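1. Curious how this folds, go ahead:
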Amino acid sequence: MTVRDDLVVTPTSPIKLLRDACRWLSISQTGSKQRMFSRIQRARELAIKRSMVEAAQEQFRQNMPEVKAVPIPPQPSAKDTADHMLIHAPFKPWCEFCVMSRSRANQHPHTSDPVQDAQREHPTVQCDYFFMEAGKEDAVVALLMVDVWSRYVSVMPLKPRNAQTVGNALVKFLSEVGRVEKTELAGDNEPVLAAGMRFCQKTRAALGLQIILTWNRTYEKTRASVAERFVQTVRGLQKTLISHLESAIQATIPAGHPMCQWAAMHSAWIYDRFHIHSSLRTTPYQSLFGRPYSGKIACFGQTIFGLDPKADKYRPACIRGAWLGKDAADMGLIFDGQIVISTKAVRRIGEEWDATLVLGVDTITSQVFGLRQVRHKQTAIPLRTPAPQTIDEDAEAVRGYVSDGYSPSEGIDAPDNASGGCADLGGGWLGESFFSSISCAVTNSDGV
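-> Residues are numbered from 1 along each chain as shown. Okay, here's the model as predicted:
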């Protein structure tokens with residue numbers, strides 16, 4: 001009887017082989033040879049039956065369709081939940097606001113190749129337009145700019161949208177990311193955007209800095225693919241912040257409300273400082289500045305207290321307002337019910353949310369961050385003094401004659417004949433009386 005490939009036993013086999021077979025089958029090794037052989041035979045038959053049952057069960061499972069339930073992610077601790085609610089980055093499958101706003105269709109995950117991203121010869125900045133709100137025909141348009149090497153992104157509202165405001169936004173972003181070497185600037189071939197890129201090139205050239213301009217071909221997005229992807233990323237995080245805010249204040253934020261614009265600005269700010277890139281293994285902020293961000297923040301739209309920079313020393317130093325985010329100088333931005341105030345210190349006293357304060361925000365982002373067109377004052381050029389005109393004595397005499405009371409409907413009072421004058425010429429128009437008087441004067445001078 002074959003127990004395994006290299007072990008064959010019989011009733012007359014040595015006791016050592018019989019015990020090895022018993023040991024391999026995990027049965028008792030005591031008793032005579034006949035008893036051990038009988039025990040080995042029964043164990044072998046039982047093992048064969050068990051293997052047949054397992055094979056049948058496996059075949060049955062293969063023929064039956066597999067039922068896969070939607071997995072439930074591991075639930076976080078209370079501290080992890082509170083920390084995530086501040087930034088909502090990165091995406092968490094257990095966060096209802098992230099799932100509602102940023103869930104995608106089932107697909108294979110893709111990880112970008114850092115070697116391929118680093119193959120560009122020069123640092124590259126891509127730009128594209130980003131509509132910060134929906135539901136309005138005159139929606140505020142922002143310029144989204146991203147540094148490809150570090151993945152640092154910035155959203156700048158444009159008011160108005162022309163070559164000067166677009167060019168100034170690009171110049172400011174290049175200075176912020178510290179690109180002083182030869183840099184490639186890529187974007188769409190939209191006319192205003194292309195004119196703004198040329199404006200940036202001329203401005204940087206005046207400073208001795210070189211810019212290489214590249215545009216997408218018609219119906220292509222290859223040169224601005226990273227910027228196109230970041231538009232979706234920032235918009236997804238924007239929707240997440242709005243969903244969390246609506247749930248906290250138990251009210252719906254209407255389309256086109258200024259809070260939608262502030263959520264877009266805050267989304268780009270959060271991504272730069274708290275999103276760890278899959279290939280870079282660090283945040284864009286740390287890639288540029290060499291250190292992680294260590295500032296303190298609050299939930300978007302939450303009611304906090306900020307230090308009033310214009311507070312009187314006999315009045316409270318902090319004011320109550322809604323948290324809108326931070327600017328590039330790491331100054332907190334709060335809305336106090338009337339205006340947006342920049343403060344260097346904020347305080348929270350609890351989980352307080354004020355729907356009236358949030359819905360009352362009427363200051364748009366372009367009033368705080370927007371780049372406006374600079375109109376240069378025109379220098380008034382004084383006119384030259386007119387040259388003095390030559391005085392016509394005959395014309396002045398006629399004017400004086402008319403101003404003394406002469407009327408064209410009346411005749412000219414001629415002197416009598418005794419004084420050597422002419423007779424009355426009668427009425428008539430001015431030219432006829434004038435020439436008649438001249439002929440009369442000529443006649444008297446000839447003695448006729």
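2. switch to C-alpha atoms for all contacts and neighbour counts from now on
-> Fine.
3. M156 belongs to a helix, doesn't it?
-> No. Using DSSP: H, G, I helix; E, B strand; the rest coil, the assignment for M156 is strand, not a helix.
4. List the residues that contact it.
-> Applying CA atoms under 8 Å, 6 or more residues apart in numbering, one finds that M156 lies in contact with 142-144, 169, 265, 369-370.
5. Strands - which of those land there?
-> 142-144 (DSSP state E).
6. Okay, helices next: where are they in this structure?
-> 15-25, 33-63, 78-87, 96-102, 114-117, 163-176, 191-206, 225-249, 258-274, 284-289, 355-359, 393-403, 430-446 (DSSP state H).
7. still on that earlier bit, could you export the ones in strands among the contacts of M156 as a markdown table, including distance to I349, neighbour count and pLDDT?
-> Converted to a markdown table, these look like this (distance: CA to CA, whole Å; neighbours: other CA atoms under 10 Å; pLDDT from 0 to 100):
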| residue | distance to I349 | neighbour count | pLDDT |
| --- | --- | --- | --- |
| A142 | 34 | 27 | 87 |
| L143 | 36 | 21 | 90 |
| L144 | 35 | 24 | 93 |
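8. related to what we said a few turns ago, let's have the helices of the chain in JSON lines, adding mean pLDDT and mean neighbour count.
-> Below are those laid out as JSON lines (pLDDT from 0 to 100; neighbours: other CA atoms under 10 Å):
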{"stretch": "helix 15-25", "mean pLDDT": "82", "mean neighbour count": "17"}
{"stretch": "helix 33-63", "mean pLDDT": "84", "mean neighbour count": "14"}
{"stretch": "helix 78-87", "mean pLDDT": "91", "mean neighbour count": "14"}
{"stretch": "helix 96-102", "mean pLDDT": "88", "mean neighbour count": "17"}
{"stretch": "helix 114-117", "mean pLDDT": "47", "mean neighbour count": "10"}
{"stretch": "helix 163-176", "mean pLDDT": "91", "mean neighbour count": "21"}
{"stretch": "helix 191-206", "mean pLDDT": "93", "mean neighbour count": "19"}
{"stretch": "helix 225-249", "mean pLDDT": "91", "mean neighbour count": "20"}
{"stretch": "helix 258-274", "mean pLDDT": "92", "mean neighbour count": "24"}
{"stretch": "helix 284-289", "mean pLDDT": "90", "mean neighbour count": "19"}
{"stretch": "helix 355-359", "mean pLDDT": "93", "mean neighbour count": "19"}
{"stretch": "helix 393-403", "mean pLDDT": "69", "mean neighbour count": "11"}
{"stretch": "helix 430-446", "mean pLDDT": "46", "mean neighbour count": "13"}
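9. I'd like those as JSON lines, with distance to A311 appended.
-> Formatted as JSON lines, the helices of the chain follow (distance: least, CA to CA, whole Å):
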{"stretch": "helix 15-25", "distance to A311": "87"}
{"stretch": "helix 33-63", "distance to A311": "75"}
{"stretch": "helix 78-87", "distance to A311": "28"}
{"stretch": "helix 96-102", "distance to A311": "37"}
{"stretch": "helix 114-117", "distance to A311": "50"}
{"stretch": "helix 163-176", "distance to A311": "31"}
{"stretch": "helix 191-206", "distance to A311": "40"}
{"stretch": "helix 225-249", "distance to A311": "29"}
{"stretch": "helix 258-274", "distance to A311": "25"}
{"stretch": "helix 284-289", "distance to A311": "33"}
{"stretch": "helix 355-359", "distance to A311": "21"}
{"stretch": "helix 393-403", "distance to A311": "73"}
{"stretch": "helix 430-446", "distance to A311": "83"}
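10. how about the ones you listed, which one is nearest D312?
-> Closest to D312 of the helices of the chain, according to CA to CA: helix 355-359, at 23.4 Å.
11. List of residues touching that closest one?
-> Residues contacting helix 355-359 (CA under 8 Å, 6+ apart): 249-251, 253, 259, 301, 321-322, 335-337.
12. 7 Å instead, please
-> 249, 251, 301, 322, 337 (CA atoms under 7 Å, 6 or more residues apart in numbering).
13. Closest one of those residues to H275?
-> G301 (20.6 Å).
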